[in-house]
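Q: This is a predicted model, with the sequence first.
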Amino acid sequence: MMLYPAINDLEKVTHNRYALVIITAKRARQLLELSEINKVPLSDKPVKLAIEDIATGKVCCKYEDENDNKNPNKQLPREN
C-alpha cells in the first residue's frame, strides 16, 4: 500500500521526522478545534487533512537559528 504524500516528500518540508510529527499533530488539533467551534464536520480525519495541508504548502515549518543571540529565552553556557 502506497501512502500519498510519501514520508520522504514531507520530510523535505520539515527536514526531519520529529518536526513532521509535531507539526502534523498541532495542525490536526487546530483543524479539529476549528470544526468544533464552527460546528462544521470535517470532510476526513484531522491527521489526514493536516498531512495534506503540509504537502500542499498551507502549513510551513519555521526554524530558529541556534546561534541567534537575540532570543531572550535561550540559555547561554555558564562560565566558571
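A: Right, received. Where do you want to start?
Q: When you work out contacts or count neighbours from here on, use the C-alpha atoms and nothing else.
A: Fine.
Q: what about Pro41, how many residues close to it?
A: 10 (other C-alpha atoms under 10 Å).
Q: can you tell me how far it sits from Asn8?
A: 30 Å (C-alpha to C-alpha, to the nearest Å).
Q: And for the residue nearest the centre of the chain, nearest residue in space, chain neighbours not counted?
A: Closest residue to the average C-alpha location of the chain: Ile23 at 1.6 Å, with C-alpha atoms, centre = their mean. Once flanking residues are discounted, Ile23 sits nearest to Cys61: 7.6 Å by C-alpha to C-alpha, 6 or more residues apart in numbering.
Q: Surely the one you found is in contact with Lys12?
A: No: using C-alpha atoms under 8 Å, Cys61 is not in contact with Lys12, being 10.5 Å away.
Q: Can you pull the poorly scored residue ranges out of the protein?
A: Residues of the chain meeting the criterion pLDDT under 70: 1-3, 63-80.
Q: Now do the helices in it.
A: 7-14, 17-38, 46-56 (DSSP state H).
Q: most tightly surrounded among these?
A: Per-stretch averages of neighbours, counted by mean count of other C-alpha atoms under 10 Å, single out helix 46-56 among those, with a mean of 18.
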